[in-house]
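A.B. asks: what's the 3D shape of this:
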Amino acid sequence: MDSFDVVVIGSGPGGYVAAIRCAQLGMKTAIIEKYSVKGGTCLNVGCIPSKALLDSSHYYESAVKDFDEHGIDISGDVKVNIKNMMKRKSQVVEQTTKGIDFLMDKNNITSFEGVGSFKDKTHIEIKNDKETVEIEAKHSIIATGSKPSTLPFIEIDKERIITSTEILSLDEIPKHLVVIGGGVIGLELGQVYKRLGADVTVIEYMDRIIPTMDKAQSKELQKVLKKQKVKIKTSHKVKSVERKGDEVIIKADDKKGKEVEFKADYCLVSVGRKPYTEGLGLDNVGIETNDKGQIPVDGQRKTSVDNIYAIGDVVEGAMLAHKAEEEGSLVAEILAGQKPHIDYNLIPGVVYTWPEVASVGKTEEQLKEDKVEYKSGQFPMRALGRSRASGDIDGFVKILTDKETDEVLGVHMVGARAADLIAEAVTAMEFRASAEDIARMSHAHPTYAEAVKEAAMAATGDRAIHV
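C.D. replies: Coordinates of the predicted model:
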C-alpha cells in the first residue's frame, strides 16, 4: 500500500495549489481526481471557459458595433461561427488543464483517477471503472468543490432547462434566453449570448442584481446592461419552469404579487452553487456537514477529525477559486509548521461582464449597518483620457475610508479592467493604507488605474483633479 504525508481529494484551484505547496515544502504528496481531466469546475466548466466565451463574444460585438467608429471598414457581413467559438474555448480549457498535469509531474505529485472515499481517518479507497486501490494518508485535504444549485420545483433537463455547465457548450445561439438569477454567473453568461444576438431576460428574486456587492455597483451595472438591451426583472419570484417541446415557460410573481409569464427557447438556472461531498465517506470518519452542506472547519481549515482538513467551496465563505487557492496554501504551510494567515475581508470579488465589476472590503451598506463613521470618494471612468481613448467610459471607482484615521475600508469599482485594478486596492488594504497613501502614489498616465488615485483624492478632502 502506498503511503503519503498528504493526500488531496479534488484537483480544482484549491486542491492542485494545496498539493503543489505541500510538495514544495517537502511532503510526499498525492492528489485524487474523479474525472480524467484535472482542474475542477473552474478550469473545465467555470472560470476559464466562461472567460474564453466572454472574450470571443466581446470581439464579435466590437466588430459589429465599434469598428466603423474606429475607421475600420469590413466588407461583407460579420457572422458568428458558434462551432469555431466553442472549439477555441475547448482549446483554451485543454491547454490550461494540461498545464496542471505538467505541474503535478514537475513537483513529483502522485496522481490517482477515481472517487476518493475515506475508509478511516488514515486510509482512502480510490475507485474507478477499472480498479479499486487503497492508500494511506498521514494528513488529508478535502477540496471537492461545488456544483450548480437549482430550485426545488425546477427539473434541469440539460437540454433546454440548463445550468452554467451546459450553457458553455451550446451548438446554437438562443433566440430568447431567460436567466434565473442576477448574480455573477448569470450576468456573465447572459451577456455572452446577448452579444451574439440572443434576446436576454434576467429574473432576480432580490430588489437588485449582484445583491451582495455595493448598491452603487448594482445600479451602475444595471444601467449599462439595460443600455445593452438586456431585460432585467428584479423583485420577481419564480414559481414554475416547464418545458413544452423546444419552448420553456417561466412563471413568476412580480413585486406587486401579479403573475407574469416568460417564454424562451433556453432557460439558464443560475441560483448559486452547493458544496459537493458525495462519495467522500464522511460518515466513516465522523465528519458531519452543516445545514448548507458545508464541512465545518476551524480557523486553520481543520475538520472535527484532527488530521483531515477541508478548503474551498466545501467550507464556509465565498465560493471563489482564489479563496480556495489561498486556503490550499494556508493548510500546506500549517502542516509544515509555519504560521500563515488569510484576511477574508480582503478576498476580492469580481464580475467579468463588460464593464467589469470588482470589490474588496466593506460595502457602504455594511458600514452603515455596523454604524461605522466613514468618508466616501468616487471618480467616474468617463473623466479619464484612457477611457475616452478606448471608448470604455462607463463606471466609476469608489473608495470608503474611516472618518477618523483615513484607513481604506472598502474599494468598489465598475469599469474597463476592474478585475485587474482591484489588486491595487487589495495590496493597499493588506498594508492598512490610508486614502492619502494611495493619493500620494504616482500612477502612470494615461491608465484606467488613475481612477483609483482620483477616487482616493476625492475621499481625502474632495480634491480629485479631473472632475
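A.B. asks: tell me the centre residue of the protein?
C.D. replies: With distances taken as CA atoms, centre = their mean, residue 320 lies nearest the centre of the chain, 5.1 Å away.
A.B. asks: distance of that residue from residue 209?
C.D. replies: 18 Å (CB to CB, to the nearest Å). The C-beta positions use only the backbone N, C-alpha and C, and glycine is treated the same way.
A.B. asks: which residue ranges form the helices in this protein?
C.D. replies: 13-24, 40-45, 47-65, 82-106, 164-167, 184-195, 215-227, 321-335, 364-369, 385-390, 418-430, 435-440, 450-459 (DSSP state H).
A.B. asks: buried ones in the longest one?
C.D. replies: Within helix 82-106, the residues that qualify as buried are 85-86, 89, 92-93, 96-97, 100, 103-104, counting by 16 or more other CB atoms under 10 Å.
A.B. asks: what of stretch 113-130?
C.D. replies: Applying 16+ other CB under 10 Å to stretch 113-130 flags 113-118, 121-126 as buried.
A.B. asks: can you name the two of those residues that are farthest apart?
C.D. replies: Based on CB to CB, the longest span within the buried residues of stretch 113-130 runs between 113 and 121 and measures 23.1 Å.
A.B. asks: ok so, going back, of all the helices of the chain, which one is nearest residue 270?
C.D. replies: helix 184-195 (3.5 Å).
A.B. asks: quick one: mean pLDDT for the closest one?
C.D. replies: Averaging pLDDT along helix 184-195 gives 98.
A.B. asks: for it, which helices and strands make contact with it?
C.D. replies: In terms of contacts (3 or more CB pairs under 8 Å, 6 or more residues apart in numbering; DSSP states H and E), helix 184-195 is packed against helix 47-65, helix 164-167, strand 176-180, strand 199-203, helix 215-227, strand 266-269, strand 349-351.
A.B. asks: I'd like these laid out as a markdown table, including mean pLDDT and mean neighbour count.
C.D. replies: Formatted as a markdown table, the helices and strands packed on helix 184-195 follow (pLDDT from 0 to 100; neighbours: other CB atoms under 10 Å):
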| stretch | mean pLDDT | mean neighbour count |
| --- | --- | --- |
| helix 47-65 | 97 | 18 |
| helix 164-167 | 98 | 20 |
| strand 176-180 | 98 | 26 |
| strand 199-203 | 98 | 23 |
| helix 215-227 | 98 | 18 |
| strand 266-269 | 98 | 26 |
| strand 349-351 | 98 | 21 |
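A.B. asks: including distance to residue 154, could the ones you listed go into CSV?
C.D. replies: Listed next are the helices and strands packed on helix 184-195 as CSV, based on distance: least, CB to CB, whole Å:
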stretch, distance to residue 154
helix 47-65, 21
helix 164-167, 14
strand 176-180, 8
strand 199-203, 12
helix 215-227, 24
strand 266-269, 6
strand 349-351, 24
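A.B. asks: what's the closest of these to residue 465?
C.D. replies: The nearest among these, by CB to CB, is helix 215-227 at 21.6 Å.
A.B. asks: helix 418-430 and the closest one, what's the angle between them?
C.D. replies: Using axes from the mean of the first three to the mean of the last three CA atoms, to 10 degrees, the inter-axis angle of helix 215-227 relative to helix 418-430 is 180 degrees.
A.B. asks: what does helix 215-227 contact?
C.D. replies: Residues from elsewhere that reach helix 215-227 (CB atoms under 8 Å, 6 or more residues apart in numbering): 187, 191, 202, 208-211, 232, 351, 353, 355, 357, 359, 363-365, 378, 394-396, 398, 412-414.
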